[in-house]
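Engineer: starting from these lines, generate the structure:
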Amino acid sequence: MHHYHYRATDTTGRIEQGTFQAANENDLQTALSKRRLELIACTAQWLSPLASPVGNVKLLEVAHWCRQMAYMLQAGVTLVDALNDGAGDVSLSKTMKARIHAIKTQVSIGHSLSEACLSSGGWLNLAFCAVLYAAEQSGALAAGFARLTDMYRGQAELQGMIRKSLRYPTFLCALAVGVMVFMMIGVVPALAAFLQSLHQSLPLATRLLIALSNNFLLIGAIGIVFVTVCFVSLRVTRRYSARVRLLTDRIWLYLPILGGVAQDAQRAQFFSSLSGLLYARMKFLDALRHAAPSFTNAYCVAQIECVCRAVETGYPLSSAMHVFVDPARCRMIAVAEAGHNLPQAVDDLAQFYASRTSEKLSALLKFIEPTLTLLVGGMLAWIVLAVLGPIYGSLGHVQAGY
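Structural biologist: Modelled structure (predicted):
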């Protein structure tokens, strides 16, 4: 997804500048036209896959606000009063309350809620605004907020599950690096001096350990510089080259083990947004385009663009989706198309991929945890054997002398 800086003109010819989050320039132009603006020029900046879809606002906060709005609107509270209550909610962060207040200000001066959210600086993505727009058109704004609550709660649970699953492997990695640094800098040099004072031939494992310890800082510095240069170069080229961004995102999706988790996580988030748009009674082709910004992977966006082109040329969705999902899921979509139950089928797909992401993460953890444990244990065993071997050898020589 891109964060666009745009220049546009309104109906009076006045120049207006701002930022907006969209999948491509066509989506940006469509969104601006709904605000009665004509696009003049724009520049795009690719959002990091690690960035939250709502900026520095937590997904759970957005879900909480949407649930509050649904309850308030169902109870007959006016939209401005409901927004005012959200801006004063003590359970929300200051950033969240400030952004809700900005939306309330836009609504108070005559803008629709979807227009106010579109101009909120990109912290609410295009799918969110599209659900609200469709809900406004159908007169069911409370139901739209209820659906958004489910969307964002599901996405928050998915992100929380991924972060929780990666917490222990991250700790083990940090522990392994810390133990290695401590042993190579603080322990091995002293032991090496002692072993060399024995004036006897050392085994290969001990010589390798001493050589690594003597050059550890140099090797570490070279490694840090190399990784930093590669990371910065990749970030810069991804930012300014769509081809590089597409290639690297495709490689990421097809990595062994990790790629499968990334693919299912992207699909779960996409189908969650798509189901919300379909339940809001949006036309399917428009829903596909508006759900595309849910992706943080350029290759997935390209796949959905291929699906949209195929649907436009007359292919059924079940045939067009073969580039994005497996044949079993395509048959599921075909059955839903025949039974006119596509929103429920898409919702089921979102739950299926979220569940499969959880299963793959569990399998990944079962592989990572013993691997890291063996790595740390193997390193310690190497150090112990490399040190104790010569010591026991020297004791044997001493005993032989007596």
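Engineer: Tyr4: which element?
Structural biologist: In this structure, Tyr4 sits in strand 2-9 according to DSSP states H and E.
Engineer: and that strand, how far out from the chain's middle?
Structural biologist: Between the mean C-alpha point of strand 2-9 and the mean C-alpha point of its chain there is a distance of 23 Å (CA atoms, centre = their mean, to the nearest Å).
Engineer: before we move on, what about stretch 210-219?
Structural biologist: The chain centroid and the centroid of stretch 210-219 are separated by 37 Å, computed with CA atoms, centre = their mean.
Engineer: again with stretch 246-262
Structural biologist: With CA atoms, centre = their mean, you get 13 Å for stretch 246-262.
Engineer: again, but for stretch 335-345
Structural biologist: Relative to its parent chain, stretch 335-345 has a centroid offset of 29 Å by CA atoms, centre = their mean.
Engineer: give the buried residues for that stretch.
Structural biologist: Ala336, Leu342, Pro343, Ala345 (16 or more other CB atoms under 10 Å). For every residue, glycine as well, the C-beta is placed using N, CA and C.
Engineer: shaky segments in the stretch 51-200 of the chain?
Structural biologist: Low-confidence segments of the stretch 51-200 of the chain, defined by pLDDT under 70, are located at 51-57, 121-122.
Engineer: still on that earlier bit, list just the nearest of the buried residues of stretch 335-345 to Leu255.
Structural biologist: Proximity of those to Leu255 (CB to CB) peaks at Ala345, which lies at 29.3 Å.
Engineer: looking at this, the closest one is in a strand?
Structural biologist: No - the assignment for Ala345 is helix, going by DSSP: H, G, I helix; E, B strand; the rest coil, so no strand is present there.
Engineer: wait, isn't it in contact with Ile333?
Structural biologist: Yes - counting by CB atoms under 8 Å, Ile333 is a contact partner of Ala345 at 6.1 Å.
Engineer: Asn297 contacts Thr248, correct?
Structural biologist: No - under the criterion of CB under 8 Å, Asn297 lies out of contact with Thr248, with a separation of 9.7 Å.
Engineer: give me the more crowded residue out of these two.
Structural biologist: The residue with the greater number of neighbours, taking Asn297 and Thr248 and applying other CB atoms under 10 Å, is Asn297; the counts read 22 against 17.
Engineer: residues in contact with the more buried one?
Structural biologist: Pro49, Asp249, Trp252, Leu253, Ala262, Gln266 (CB atoms under 8 Å, 6 or more residues apart in numbering).
Engineer: what mean pLDDT does the strand holding Tyr4 have?
Structural biologist: Summarised as a single mean, pLDDT over strand 2-9 is 73.
Engineer: ok, that strand: who's next to it in the sheet?
Structural biologist: The partner list of strand 2-9 in its sheet, established with DSSP bridges, is strand 15-22 (antiparallel), strand 38-46 (antiparallel).
Engineer: returning to that earlier point: can I get the buried ones among the contacts of Asn297 as something I can paste into ChimeraX?
Structural biologist: Selecting the buried subset of these in ChimeraX, with 16+ other CB under 10 Å as the burial test, is done by:
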select :249,252,253,262,266
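Engineer: which of the contacts of Asn297 scores worst on pLDDT?
Structural biologist: Of all of these, Pro49 carries the lowest confidence score, 35.
Engineer: helices of the stretch 1-150 of the chain, start to end?
Structural biologist: When secondary structure is read from DSSP state H, counting those that start in this stretch, the stretch 1-150 of the chain shows helices at 25-34, 59-74, 79-87, 94-108, 113-118, 126-138, 141-182.
Engineer: now the ones you listed as TSV including distance to Leu212?
Structural biologist: Compiled in TSV, the helices of the stretch 1-150 of the chain are given as follows (distance: least, CB to CB, whole Å):
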stretch	distance to Leu212
helix 25-34	53
helix 59-74	45
helix 79-87	58
helix 94-108	47
helix 113-118	57
helix 126-138	52
helix 141-182	10
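Engineer: looking at the ones you listed, which is nearest to Gln351?
Structural biologist: Judged by CB to CB, the one of the helices of the stretch 1-150 of the chain that comes nearest to Gln351 is helix 141-182, at 8.0 Å.
Engineer: what is that closest one packed up against?
Structural biologist: Taking 3 or more CB pairs under 8 Å, 6 or more residues apart in numbering; DSSP states H and E as contact, the helices and strands that helix 141-182 lies on are helix 59-74, helix 126-138, helix 258-279, helix 342-401.
Engineer: apply 10 Å and report the result again.
Structural biologist: Judged by 3 or more CB pairs under 10 Å, 6 or more residues apart in numbering; DSSP states H and E, helix 141-182 is in contact with helix 59-74, helix 79-87, helix 113-118, helix 126-138, helix 216-240, helix 258-279, helix 342-401.
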